[in-house]
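In: this is a predicted model, with the sequence first.
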Amino acid sequence: MKNKTIKVLALCLTMMPMAGMAQQGLKDAIGKYCLIGAAINQWQSDGQVPEADAVMDKHFNCAVAENCMKPETLAPAEGLFDFRVADKFVSYCQQHNLKVLGHCLVWHSQAPDWWFTNGYAASPASKEVLKERLIKHIKTVVGHYKGQVHGWDVVNEAIMDDGSFRKSHYYNLLGEEFIEIAFRTAHEADPDAELYYNDYSMAQPKKREAVCRLVKNLKAKGLRIDGVGMQSHNGLDYPDLKEYEKSIDAFAACGVKVMITELDVNVLPNPQGFGGADIAQNFELQQKYNPYPNGLPAAKQKELDARWLALFNLYYKHRSQISRINIWGVSDGGSWLNGWPIKGRTNYPLLFDRQYKAKPVVDEIIKIYK
Ligand code: XIL
């Protein structure tokens with residue numbers, strides 16, 4: 001080969017994007033319109049996963065703690081607050097230029113047992129005691145991170161798919177007022193932090209209506225609520241994107257920001273009776289529910305890519321309403337969907353593979369926003 005030909009070939013090769021390697025980060029494209037982030041687990045925020053650091057640096061401008069800011073971690077025993085892991089998460093975010101999102105202050109799951117009982121006795125806590133604990137928790141936690149957290153999921157999953165309030169301990173003892181108490185206390189503790197209501201199955205019409213009612217009621221009472229988080233634990237064929245889109249429009253019409261807060265796409269078959277994202281659901285492992293332990297067949301991968309693109313095309317269309325898109329995890333290997341609602345499966349629900357390599361669809365998503 002002549003020297004000149006070799007030079008031209010070499011030039012072409014350096015200009016060609018390498019297969020599977022996103023040249024730009026998600027934040028370079030999507031960041032022009034909204035925040036784009038990921039949930040990170042304790043190993044990552046403790047700095048033990050350099051591959052995850054590289055992904056965070058290149059692709060994301062905000063992060064959520066997958067578990068360590070939940071009440072069961074922050075308040076393990078009455079009168080005791082343990083901020084060690086969460087403080088590390090916050091300094092990790094500061095080091096990596098990630099806005100910190102706080103998840104979550106009030107939730108029926110992952111709350112410490114002592115919270116709902118009297119001391120070590122089995123008797124349930126009284127209304128007054130629960131109210132006092134709720135206020136103390138929010139004041140202490142939001143106060144501890146004052147000025148460092150961009151926004152808080154103040155209440156998580158308080159509404160059922162049929163639009164009724166979840167009959168949680170909070171609701172049973174305090175009625176719907178527990179939501180107002182939570183938003184009021186959070187605002188008092190950090191007047192500059194944004195405050196959100198967050199839930200799953202937000203494409204359900206009755207749930208959508210109930211969330212809109214809740215937002216309007218809070219606003220009518222003069223309380224601050226900045227946004228609604230649509231968790232978006234999606235699958236290949238759910239939710240119905242038309243209903244999902246209606247919810248984006250409906251929440252935006254209530255005068256709040258819309259956020260996609262816990263995005264992932266499940267590719268595994270769901271057991272009968274499965275639905276939503278209540279973490280209490282669990283089913284027995286059977287081989288038929290774990291069909292791809294050694295890798296995703298090309299046809300499934302294609303289906304999955306198409307689903308990611310359908311979702312991001314929708315988010316792009318609604319870019320003036322959506323203020324944040326957050327993926328629930330960094331790499332497939334770390335996703336909670338390998339362990340829920342069935343333990344021990346191999347799932348492929350995120351944008352980075354088990355080696356923390358961007359899947360080819362990442363480049364396609366970036367193209368949507370260019
Ligand atoms: C999940 C975490 O990803 C898991 O690691 C944990 O074991 C259970 O909780 N809705 C939420 C999140 O609001 O906090 C949940 O996170 C997933 C469902």
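Out: That came through fine.
In: following the helix or strand that Glu128 is a member of, which helix or strand comes up?
Out: Using DSSP states H and E, Glu128 sits within helix 127-144. Moving toward the C-terminus from helix 127-144, the next helix or strand (DSSP H and E) is strand 151-156.
In: got the angle for that next one vs helix 127-144?
Out: 170 degrees (axes from the mean of the first three to the mean of the last three C-alpha atoms, to 10 degrees).
In: next, the buried residues of the longest helix seen in the chain.
Out: In the chain, with assignment by DSSP state H, the single longest helix is helix 298-317. The neighbour-count check on helix 298-317 (16 or more other C-beta atoms under 10 Å) flags 300-301, 304-305, 307-308, 311-312, 315 as buried. Glycine gets a C-beta too; all of them are placed from N, C-alpha and C.
In: any figure for the gap between the closest residue to the ligand within the stretch 251-370 of the chain and Gln44?
Out: Nearest to the ligand in the stretch 251-370 of the chain, going by C-beta to the nearest ligand atom, is Trp336, at a distance of 3.4 Å. Here Trp336 is placed at a distance of 14 Å from Gln44 (C-beta to C-beta, to the nearest Å).
In: more neighbours: which of the two?
Out: Between Trp336 and Gln44, counted using other C-beta atoms under 10 Å, the more crowded position is Gln44 (26 against 19).
In: for the more buried one, give me its contacts.
Out: Taking C-beta atoms under 8 Å, 6 or more residues apart in numbering as the criterion, Gln44 is in contact with 52-53, 56, 92, 330, 334.
In: just say helix, strand or coil for it.
Out: helix (DSSP: H, G, I helix; E, B strand; the rest coil).
In: now the one 3 residues further on
Out: When states are read from three-state DSSP, the local structure at Gly47 comes out as coil.
In: now do the strands in this protein.
Out: 35-40, 62-65, 99-107, 151-156, 194-199, 227-230, 233-235, 257-266, 322-327 (DSSP state E).
In: can you put these in TSV and add mean pLDDT, mean neighbour count and distance to the ligand?
Out: Shown next, in TSV, are those (pLDDT from 0 to 100; neighbours: other C-beta atoms under 10 Å; distance: least, C-beta to the nearest ligand atom, whole Å):
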stretch	mean pLDDT	mean neighbour count	distance to the ligand
strand 35-40	98	26	7
strand 62-65	98	26	9
strand 99-107	98	24	6
strand 151-156	98	27	5
strand 194-199	98	25	6
strand 227-230	99	26	9
strand 233-235	98	21	6
strand 257-266	98	25	6
strand 322-327	98	24	11
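In: for Gln48, which of those is the nearest?
Out: Closest approach to Gln48 among those is made by strand 35-40 (11.3 Å; C-beta to C-beta).
In: which strands or helices does that closest one pack on?
Out: The contact analysis (3 or more C-beta pairs under 8 Å, 6 or more residues apart in numbering; DSSP states H and E) places strand 35-40 against helix 26-30, helix 50-59, strand 62-65, strand 99-107, strand 322-327.
In: now do the last one against helix 298-317, angle only.
Out: Between the axes of strand 322-327 and helix 298-317, defined by the same axes, to 10 degrees, the angle is 160 degrees.
In: chain center to strand 322-327, what's the gap?
Out: 9 Å (C-alpha atoms, centre = their mean, to the nearest Å).
In: now for that strand, which elements pack on it?
Out: Partner elements for strand 322-327 (3+ C-beta pairs under 8 Å, 6+ apart): strand 35-40, strand 62-65, strand 257-266.
In: just the pLDDT for the residue of the stretch 251-370 of the chain closest to the ligand.
Out: Listed pLDDT for Trp336 reads 98.
In: in CSV: the helices and strands packed on strand 35-40, plus distance to Trp114.
Out: Compiled in CSV, those are given as follows (distance: least, C-beta to C-beta, whole Å):
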stretch, distance to Trp114
helix 26-30, 40
helix 50-59, 33
strand 62-65, 22
strand 99-107, 16
strand 322-327, 30
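In: for these, which one sits closest to Val141?
Out: strand 99-107 (6.6 Å).
In: what's that closest one packed up against?
Out: strand 35-40, strand 62-65, helix 71-74, helix 84-95, helix 127-144, strand 151-156, helix 177-189.
In: what's the closest of the ones you listed to Ala358?
Out: The nearest among the helices and strands packed on strand 99-107, by C-beta to C-beta, is strand 35-40 at 12.5 Å.
In: got the CA positions of that closest one in PDB?
Out: In PDB, the C-alpha atoms belonging to strand 35-40 read as follows (Å, rounded to 0.1, in the frame of the first residue of the first chain):
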ATOM      1  CA  LEU A  35     -30.900  17.200  34.600                       C
ATOM      2  CA  ILE A  36     -29.800  13.700  33.700                       C
ATOM      3  CA  GLY A  37     -28.700  11.400  36.500                       C
ATOM      4  CA  ALA A  38     -28.500   7.900  38.000                       C
ATOM      5  CA  ALA A  39     -29.100   6.200  41.300                       C
ATOM      6  CA  ILE A  40     -25.900   5.100  42.900                       C
END
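In: which residues touch the helix holding Glu128?
Out: Contacts of helix 127-144 (C-beta under 8 Å, 6+ apart): 69, 71, 74-75, 81, 83, 102, 105-106, 115-116, 118, 125, 149, 152, 154, 169-170, 173-174, 178, 181-182, 185-186, 188-190, 193.
In: give me the buried entries from those.
Out: 69, 71, 74-75, 83, 102, 105-106, 115-116, 125, 149, 152, 154, 169-170, 173-174, 178, 181-182, 185-186, 189-190, 193.
In: what's the closest non-adjacent residue to the closest residue to the ligand within the stretch 1-150 of the chain?
Out: Closest to the ligand within the stretch 1-150 of the chain is Glu66: 4.8 Å, counting by C-beta to the nearest ligand atom. If the residues on either side of it in the chain are set aside, Glu66 comes closest to Ala39, at 4.3 Å by C-beta to C-beta, 6 or more residues apart in numbering.
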